[in-house]
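S.K.: only the shape, not the letters, is given here:
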């Protein structure tokens with residue numbers, strides 16, 4: 001049993017090096033998350049610029065761009081699952097290994113964290129489901145991109161309707177697709193994104209790596225040298 005038994009001195013240095021290795025892997029996957037977000041931002045910017053700089057480009061390019069953003073979102077959700085594996089390990093070591101060292105309180109080492117840590121090393125598992133990971137990235141980054149694309153699509157329809165002297169509904173039609181098909185498909189797509197966003201709100205709050213400081217602790221900010 002490891003519960004309540006202090007770590008032997010010879011185990012300290014291997015854990016220190018292991019923490020450095022896990023933190024390095026965590027940083028690699030954090031960089032991959034940022035890279036995917038950058039791809040999505042660049043793609044959104046390019047689509048909006050192309051649509052408004054070239055009036056002859058059909059508005060259907062914007063919904064297609066939303067589908068491209070969705071592919072990036074799915075990829076980023078997968079990367080978040082891997083990132084969260086290494087983040088969970090480093091946080092476990094920080095909370096149960098480094099905190100007792102700083103406070104000189106070995107009682108904090110009690111518990112089953114070592115058992116859980118060893119089991120995760122033997123059989124690594126995702127801490128977030130794919131739906132949870134996608135929802136978290138949607139709430140934090142991608143919902144803004146979808147909102148910008150939807151506003152751009154509506155404005156593009158308005159410009160096309162004025163240029164062609166037709167209604168907004170008629171401007172949705174693109175040969176051979178009638179207006180009602182475009183409206184229903186894109187409407188269902190946005191409804192799906194909105195549903196996932198609503199679902200992700202409590203999940204994203206639960207999975208935050210850094211949380212806001214409690215109101216009682218905000219008064220003690222002067223304790224931190226800036």
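M.R.: Sure thing, it's come through. The shown structure was predicted, so the numbers you read here are calculated from the model rather than taken from an experiment.
S.K.: which residues does the residue positioned nearest the centre of the chain contact?
M.R.: Geometric centre of the chain, nearest residue: residue 137, 2.2 Å, by CA atoms, centre = their mean. Counting by CB atoms under 8 Å, 6 or more residues apart in numbering, residue 137 makes contact with 33, 73, 76, 77, 80. (C-beta placed from N, C-alpha, C; glycine too.)
S.K.: could I get those as a markdown table with pLDDT?
M.R.: Listed next are these as a markdown table, based on pLDDT from 0 to 100:
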| residue | pLDDT |
| --- | --- |
| 33 | 90 |
| 73 | 95 |
| 76 | 94 |
| 77 | 93 |
| 80 | 93 |
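S.K.: ranges for the helices of this protein?
M.R.: 12-53, 61-93, 99-103, 113-122, 130-137, 143-164, 168-171, 179-206, 215-218 (DSSP state H).
S.K.: can you say which of these is packed in most?
M.R.: Per-stretch averages of neighbours, counted by mean count of other CB atoms under 10 Å, single out helix 130-137 among those, with a mean of 21.
S.K.: now the angle between helix 143-164 and that one, please.
M.R.: When axes from the mean of the first three to the mean of the last three CA atoms, to 10 degrees is applied, the directions of helix 130-137 and helix 143-164 differ by 70 degrees.
S.K.: distance from stretch 35-47 to the middle of the chain?
M.R.: Counting by CA atoms, centre = their mean, to the nearest Å, stretch 35-47 is centred 15 Å from the centre of its parent chain.
S.K.: swap in stretch 129-140?
M.R.: Relative to its chain's centre, stretch 129-140 lies at 6 Å (CA atoms, centre = their mean).
S.K.: returning to what we had before: lowest-confidence stretch among the helices of the chain?
M.R.: Lowest mean pLDDT of these: helix 215-218, a mean of 58.
S.K.: taking the contacts of residue 137 together, which two end up most distant?
M.R.: Greatest spatial distance in the contacts of residue 137: 33 and 73, 11.5 Å, computed using CB to CB.
S.K.: show me what contacts the nearest residue to the residue nearest to the centre of the chain once chain neighbours are set aside?
M.R.: Nearest residue to residue 137, sequence neighbours excluded (CB to CB, 6 or more residues apart in numbering): residue 76, at 4.8 Å. Counting by CB under 8 Å, 6+ apart, residue 76 makes contact with 33, 36, 37, 40, 134, 137, 141, 142.
S.K.: do residue 30 as well
M.R.: residue 83.
S.K.: any idea how far it is from residue 53?
M.R.: Computed as CB to CB, to the nearest Å, the residue 30 to residue 53 distance reads 35 Å.
S.K.: equivalent analysis for residue 188, please.
M.R.: Distance from residue 188 to residue 53, by CB to CB: 30 Å.
S.K.: got it, and residue 85?
M.R.: 43 Å.
S.K.: what do you get for residue 80?
M.R.: Distance from residue 80 to residue 53, by CB to CB: 34 Å.
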